[in-house]
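K.L.:
From the sequence below, what's the structure:
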Amino acid sequence: MGAVLGLDTSNYTTSAAWFDGEKGDNAGKLLEVPQGQLGLRQSDALFQHVKRLPEIVTSLKETGLPHTLEALGASTQPREVEGSYMPCFLAGESQARVMASALDLPFYPCSHQQGHIAAAAWSAGRMDLLDRPHLVWHLSGGTTELLHVVPDGVLVRAQCIGGTSDISAGQLIDRTGKKLGLAFPAGKAVDALSLQAEKKENFRVKVGESTFSFSGLENKMNAMAEGGASPADICWFVLSSIICGVETATRQALEKYPGLPVLCAGGVASNQLLRQTMVKSCGAVFAEPRFSTDNAMGVAILTWRRHNKEKQHD
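P.N.:
Presented below is the predicted three-dimensional model:
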């Protein structure tokens, strides 16, 4: 069987990936967010994706995109639930559908979240997780959800069983970055600064039934910044407090779902302190950092799985 092409046009990254059942590659580029802003309007994100996609696919072709494609896929919505919608995904979906029609190839949709799960599982060398129940943390700029994931044919179905009740971990990190004058997105800079902290304190996030709130933590962060605390100490405080909440919520979930593997996906999951803590305390599995952030690799993987199943039934 040949390779497939997947596209993902999320809120902050344009990406394309190919996969042939064993190996693959992803090419992506962050959208441009003006200095001092914490995001983009959907119309601006959509416009940037439309401009970027030809460049991204060309880049992927130059680094080894197979000449023969058998199917195309794209993320078409944030989550696989009714009413989940974001205009920026129209860019990838429309271009993938046009290419599929022009080349007389099948097109397979999936959700952005399903793609995150598949990319993380493949990158971690745990493709078996896509065919068995497991827990997943989706930790990104807009999402902090603890999911109970079960197979759904060749795809996966995710039910939210915990996470934040207000702002996401990624939003809090970016707001911390803005408070400290860091560029958006601020994850890598906050991560690096935290390693220079001298006062390693944290805030005990209250967790109940694997659910927590980060608004109190944000208030503490603002108070520290306005009180003259060092940027490094503030970054450590925020990250270690987030990790404390995530770890506690995971332990509570494992009491309800004992023995299930824990997979961590999303941009925030690339944080090194989070990885160290969760691997040690919960035996969590992580994707490589490049496949933790938004990427089309999972879309390509799920496209391949669906196309492979269709071919077997022919």
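
K.L.:
how about the strands of the stretch 101-250 of the chain, start to end?
P.N.:
107-111, 134-139, 144-152, 155-164, 207-208, 211-212 (DSSP state E, counting those that start in this stretch).

K.L.:
Any chance of a markdown table for those strands, columns mean pLDDT?
P.N.:
Output for these, formatted as a markdown table (pLDDT from 0 to 100):
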| stretch | mean pLDDT |
| --- | --- |
| strand 107-111 | 98 |
| strand 134-139 | 96 |
| strand 144-152 | 97 |
| strand 155-164 | 97 |
| strand 207-208 | 97 |
| strand 211-212 | 98 |
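
K.L.:
Now distance to Glu82 and mean neighbour count too, for these, in TSV please.
P.N.:
To be clear about C-beta, it is placed using only N, CA and C from the backbone, and glycine gets the same treatment. What follows is the strands of the stretch 101-250 of the chain, written out as TSV (distance: least, C-beta to C-beta, whole Å; neighbours: other C-beta atoms under 10 Å):
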stretch	distance to Glu82	mean neighbour count
strand 107-111	12	22
strand 134-139	18	27
strand 144-152	15	20
strand 155-164	13	20
strand 207-208	27	16
strand 211-212	22	20
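
K.L.:
What are the buried residues along the longest helix that the chain contains?
P.N.:
Secondary structure of the chain read by DSSP state H shows that its longest helix is helix 231-256. For helix 231-256, a neighbour-count test (16 or more other C-beta atoms under 10 Å) marks 231-250, 252-254 as buried.

K.L.:
tell me, what residue is most central in the protein?
P.N.:
Gly266 (2.6 Å; C-alpha atoms, centre = their mean).

K.L.:
Correct me if wrong: that residue contacts Thr143.
P.N.:
Yes - at 6.5 Å, Gly266 and Thr143 qualify as touching, with contact defined as C-beta atoms under 8 Å.

K.L.:
any residues in contact with both of those two?
P.N.:
Here Gly266 and Thr143 have Gly170 as joint contacts, going by C-beta atoms under 8 Å, 6 or more residues apart in numbering.

K.L.:
Quick one: closest of the strands of the stretch 101-250 of the chain to Phe286.
P.N.:
Nearest to Phe286, of all the strands of the stretch 101-250 of the chain, is strand 134-139, at 9.6 Å by C-beta to C-beta.

K.L.:
and Leu53, what does it touch?
P.N.:
By C-beta under 8 Å, 6+ apart, Leu53 lies in contact with Leu7, Thr9, Thr14, Ala16, Ala91, Gly92, Gln95.
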